[in-house]
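1. I would like the atomic coordinates for the input below:
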Amino acid sequence: MIAIEKALPEHVSGISDVCSKGYRHTYKETHSTEYIERMVREFYNQDRILNEVKHTSREWNGWFVALDENKVVGAIGGGMTGLEKAEVFVLYLDPSRKRERIGSRLLNELTNEQVQRGASEQWVSVSKGNLKGIPFYEAVGFTAQSEQESYQNLEEEAYKSIRYRRSL
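-> Down below sits the predicted model:
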């Protein structure tokens, strides 16, 4: 039985593991190894995640985890980017646990938190060509709004992200 709950310090290692594996799995065919490892080092290191678990705010609502017998099998994080505007910053699952509705349950938990904080719309950036994320977000009501350069591209990199939005 999968339980969805707010992350605690004891979940940090599991969050780091599931996000790192999920990121590598998602982008192995569309992004360079250098780019992937740079993002994993920056965003999914345990020191950063521990700080994010301990310190939440309006702008960072914290991490939520999906637990299967106390093992982290999915994680999501997001925050408020305006008075009524929310963002999904990160959502990854253990690659072997797709199609179990874990992602939907995590998204619902974060969305409920953001609605309680006043959100009436929710945004997410998805890398162009992400054939795992794009169908998921479109299936839950997000629609493409614009395209932009991906976060942290180096000068020689030309990765793009699609900005998606849905009303809450």
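2. can I get the helix or strand hosting Val90 as CSV, trimmed to CA atoms?
-> Val90 is part of strand 85-93 when elements are defined by DSSP states H and E. The C-alpha trace of strand 85-93 is given here as CSV (Å, rounded to 0.1, in the frame of the first residue of the first chain):
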residue,chain,number,x,y,z
LYS,A,85,-0.1,31.0,-9.0
ALA,A,86,1.5,27.7,-8.1
GLU,A,87,4.4,25.7,-9.6
VAL,A,88,5.3,22.0,-9.7
PHE,A,89,9.1,22.2,-9.5
VAL,A,90,9.9,18.5,-9.4
LEU,A,91,8.1,15.1,-9.8
TYR,A,92,9.9,11.8,-10.2
LEU,A,93,9.1,8.2,-9.5
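3. helix, strand, or coil at Glu147?
-> Using DSSP: H, G, I helix; E, B strand; the rest coil, the structure places Glu147 in strand.
4. isn't Ser125 up against Tyr159?
-> No: using CB atoms under 8 Å, Ser125 is not in contact with Tyr159; the gap is 11.2 Å. All C-beta spots, glycine's among them, are computed from the backbone N, C-alpha and C.
5. elements contacting the strand holding Val90?
-> Strand 85-93 sits against helix 12-27, strand 71-80, helix 102-116, strand 121-127, with contacts defined as 3 or more CB pairs under 8 Å, 6 or more residues apart in numbering; DSSP states H and E.
6. C-terminal to the first one, what's the next element?
-> Following helix 12-27 in sequence order, the next helix or strand is helix 33-43 (DSSP H and E).
7. tell me who's in contact with the most centrally placed residue in the chain.
-> Relative to the mean C-alpha position of the chain, the nearest C-alpha, by CA atoms, centre = their mean, is the one of Val90, at 1.4 Å. Residues in contact with Val90 (CB atoms under 8 Å, 6 or more residues apart in numbering) are 19, 43, 75-78.
8. spit out the contact partners of Lys54.
-> Contacts of Lys54 (CB under 8 Å, 6+ apart): Pro9.
9. cutoff 10 Å now
-> Shown in contact with Lys54 (CB atoms under 10 Å, 6 or more residues apart in numbering): 7-9, 12, 62.
10. in ChimeraX, select just the buried ones from these.
-> Provided next is the ChimeraX selection string for whichever of these are buried by 16 or more other CB atoms under 10 Å:
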select :7,12,62
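11. any chance of the contacts of Lys54 in a markdown table, plus pLDDT, secondary structure and distance to Arg163?
-> Below are the contacts of Lys54 laid out as a markdown table (pLDDT from 0 to 100; DSSP: H, G, I helix; E, B strand; the rest coil; distance: CB to CB, whole Å):
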| residue | pLDDT | secondary structure | distance to Arg163 |
| --- | --- | --- | --- |
| Ala7 | 98 | coil | 26 |
| Leu8 | 98 | coil | 32 |
| Pro9 | 98 | helix | 33 |
| Val12 | 98 | helix | 29 |
| Gly62 | 96 | strand | 23 |
